[in-house]
Structures are given as C-alpha cells and as structure tokens.
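Engineer: Attaching a predicted model along with its sequence, questions to come.
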Amino acid sequence: MKRILITGASGFIGSFFVEKALEQGYEVYAAVRETSDLSYLQDSRIIFFKANLSEKESIKEHIEKIGRFDYIIHNAGLTKTCKKEMFDFVNYQITKNIIEALYETNKIPDKFILMSSLAAYGPGNPKTLEPIKISDEQKPVSLYGKSKLKVEKYLKSLNNFPYLIFRPTGVYGPREKDYYIMYKTIKNGLETYIGTKEQHITFIYVKDLVNIIFEAIKSNTINKSYFVTDLKSYTAKEFNEIIKKELNKKTISIVIPSIIVKTIAYIGEKTSCFFKNSIPTLNTEKFKEISEKNWLCDSSNLVQDFNFAPEYDLKKGVKEAISWYKKKKLL
C-alpha cells in the first residue's frame, strides 16, 4: 500500500484530498495542528501526523518514526493574517522545513506536490486580456502571492528533487467559505462588484482539482508547473448570474468604486485585528487581488500532459455547491 502525507488536511481542499486518497487505497497521513477542526476527517483509516511543521526537528522525529512517504501533497498555507510576516513564515519557511527534514532523514518521496496559487504569478494584462502563460514573468501583487513565488523558486533551485507545482485559480465547492459569502449576499438580494462587472476570472471545482492532482501523482511527470482551471473563462457578471439563477433570486446590482472598497478593507482589517485578533475575508492584501481585472490563464499543458478533461463547468459546480450548503441549512 502506497503511503501519502497530506498537509493542510483539515481545510476545505485538504479534506477532499484525504477523501480521494482513501478512496484510491492509499495509507493516508493527515498533517493537522492541535487546534485543527477535524469535522471532515472522521474516517477511522486516517492516521494523524501531528509534527509541529514550524520546527524542523519535530518533522524529522515524526518521519524517522513513521518512515518514508511515497507521495506528499503539501497543501498547508496561509491566505490571510493580521501579522504580515507570517505569510513568508507559513508559506515559505514551513515548506523549507519539510523539505530539509526529508533530505536530512534521507526520506525523499517519489513525488512532492506543491499546491501554489495563480496569485504567485499575479494578474494578466488588463487591456489586452491575454491569458497568463507559464512563460510569463511572475509579478504577484499580494504578500500571499509573493510568498508562494518564493517557495516555488526554492523548489526549482533544488537538485534531483521530484516536485510538481500546481497553481489553482478560484477553487470553489462544498465546505468553502469565501465564495459562500457571495452566495449569502446574493440570497439576501444584493449583487456587488468592485470597479466593474467585466472582471475576467477563472475557476476550478474542488473535485476536478483533486482528480487532476491524483492523476499527476500516478504519472511519470516531474519538475513542471501548471495553472489549474476548468479550461473556460468567465466574467464576474456571468458568475453572479449563475448564482442568481441557482438561488432563484433577483438582486440589486451595485458597482462599488475600487477606492471605496479599498478603504472598507483597510478599516475592517484594522478594526478586526485590533479588537478580535482575526482578519476579515475582505482585507488589504485580498483587495490587491480581487480589484485586478484579468485573472485568465492558460491551462493547456494540463491537457497535454495529463489529458485533463474537467467534469464540472461553473454552472454544474455552483449547482452542486449550493445544493450542499442548502442541505447543511447554510443557505
């Protein structure tokens, strides 16, 4: 039985990775923190990997006890924080800790999957609306994106380390929290845009993302990187129209000037971080990304290398996701 380690296992995407790995017969180790919510990790076959990933010696100790993993999906990451320096620490330094621990214990896996992000590239040209290509220069606009770029460069600098880098676009589906806010807003009769309704965006349904990762694991391909989308492009208006139709809602449509949204993000972040020590979904770093007009990208090498054929387009994915939220009485 092949052994797989999944970091960030308790989160939205990570929990789907765990389910898929169990379904495919792997011996599954789920890396979680002491404070992790294990609601979606209830299968008795899951083995919990409780090393402190911020300490290399802790990782080494656990690896020495358990033995070598055939595959590692490094999905853990930080997308928002009140402490800006934590982006680099969690997204870069922890990844470095894991890889150094693998080298120092002589337990290099057959394949190390890094779940990066389109944010590591930054947006495409807002005038030409040309999709971002792998050959383009990476120019992330957020600290999150910059930290992901840093870890990508580190991986590429290693000798004889079998990695694959995947950069998903907007990942949505059951259990997700950010797009869920949009569903709730539209259910309440309000449809909002930042600056324009013609923001150009791409998506990937969580189950399609998980499927392509496991196809990549089984392949002979290493040391390459990919954007992951459903191979289609959308506008923010099209996305909202799909949600409205699925919820059978009419809305008041408001285009909010970017400067107002930026101000709201700044005030909300400062207030929430000061009083609650928590960061809101709309924050100054997230604003840098969501205010950009062009997030189209070219995923053609996914098709070339893995014959990728997504099962879900946005209509089918939103339908299934909203159905799940309704069953959970969240919508």
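Structural biologist: The structure has been received and is ready for your questions. Numbers count the residues shown, from 1 in each chain.

Engineer: what is the mean pLDDT for whatever helix or strand Tyr183 lives in?
Structural biologist: If you go by DSSP states H and E, Tyr183 is part of helix 178-187. Summarised as a single mean, pLDDT over helix 178-187 is 96.

Engineer: what is the mean pLDDT for the next helix or strand after that helix?
Structural biologist: Counting by DSSP H and E, the next helix or strand C-terminal to helix 178-187 is strand 190-194. For strand 190-194, mean pLDDT is 94.

Engineer: coming back round to it: compute the inter-axis angle for the helix holding Tyr183 and strand 190-194.
Structural biologist: Orientation of helix 178-187 against strand 190-194 (axes from the mean of the first three to the mean of the last three C-alpha atoms, to 10 degrees) gives an angle of 130 degrees.

Engineer: Check which residues of helix 178-187 are buried.
Structural biologist: 178-180, 182-183, 186-187 (16 or more other C-beta atoms under 10 Å). Glycine gets a C-beta too; all of them are placed from N, C-alpha and C.

Engineer: Next, format these as a markdown table and append distance to Lys218.
Structural biologist: Shown next, in a markdown table, are these (distance: C-beta to C-beta, whole Å):
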| residue | distance to Lys218 |
| --- | --- |
| Asp178 | 30 |
| Tyr179 | 30 |
| Tyr180 | 32 |
| Met182 | 35 |
| Tyr183 | 34 |
| Ile186 | 39 |
| Lys187 | 40 |
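
Engineer: Closest to Glu137 out of these?
Structural biologist: For the buried residues of helix 178-187, the closest approach to Glu137 (C-beta to C-beta) belongs to Asp178, at 27.6 Å.

Engineer: Ignoring the adjacent residues along the chain, who's closest to the closest one?
Structural biologist: Residue nearest to Asp178 in three dimensions, not counting chain neighbours: Thr281, with 5.6 Å by C-beta to C-beta, 6 or more residues apart in numbering.

Engineer: In what element of secondary structure is that neighbour found?
Structural biologist: For Thr281, there is no helix or strand it lies in under DSSP H and E.

Engineer: switch to numbering from 401
Structural biologist: That works, and once the first residue is 401, the last one we named lands at Thr681.

Engineer: Can you check what pLDDT the model gives it?
Structural biologist: Listed pLDDT for Thr681 reads 92.

Engineer: Tell me if I'm right that it and Tyr579 touch.
Structural biologist: No: with contact defined as C-beta atoms under 8 Å, Thr681 does not reach Tyr579; the gap is 10.1 Å.

Engineer: residues in contact with Ser678?
Structural biologist: By C-beta atoms under 8 Å, 6 or more residues apart in numbering, Ser678 lies in contact with 482, 672.

Engineer: swap the cut-off to 7 Å and go again
Structural biologist: By C-beta atoms under 7 Å, 6 or more residues apart in numbering, Ser678 lies in contact with Ser672.

Engineer: which SSE is the residue lying closest to Glu646 once chain neighbours are set aside in?
Structural biologist: In space, and not counting its chain neighbours, Glu646 is closest to Ile722: 5.1 Å by C-beta to C-beta, 6+ apart. Using DSSP H and E, Ile722 maps to helix 714-727.

Engineer: Likewise for Asn611?
Structural biologist: Using DSSP H and E, Asn611 sits within helix 606-618.

Engineer: Which neighbouring elements make contact with that helix?
Structural biologist: helix 412-423, strand 511-515, strand 563-568, strand 570-572, helix 700-706 (3 or more C-beta pairs under 7 Å, 6 or more residues apart in numbering; DSSP states H and E).

Engineer: Right, I'll call it a day here.
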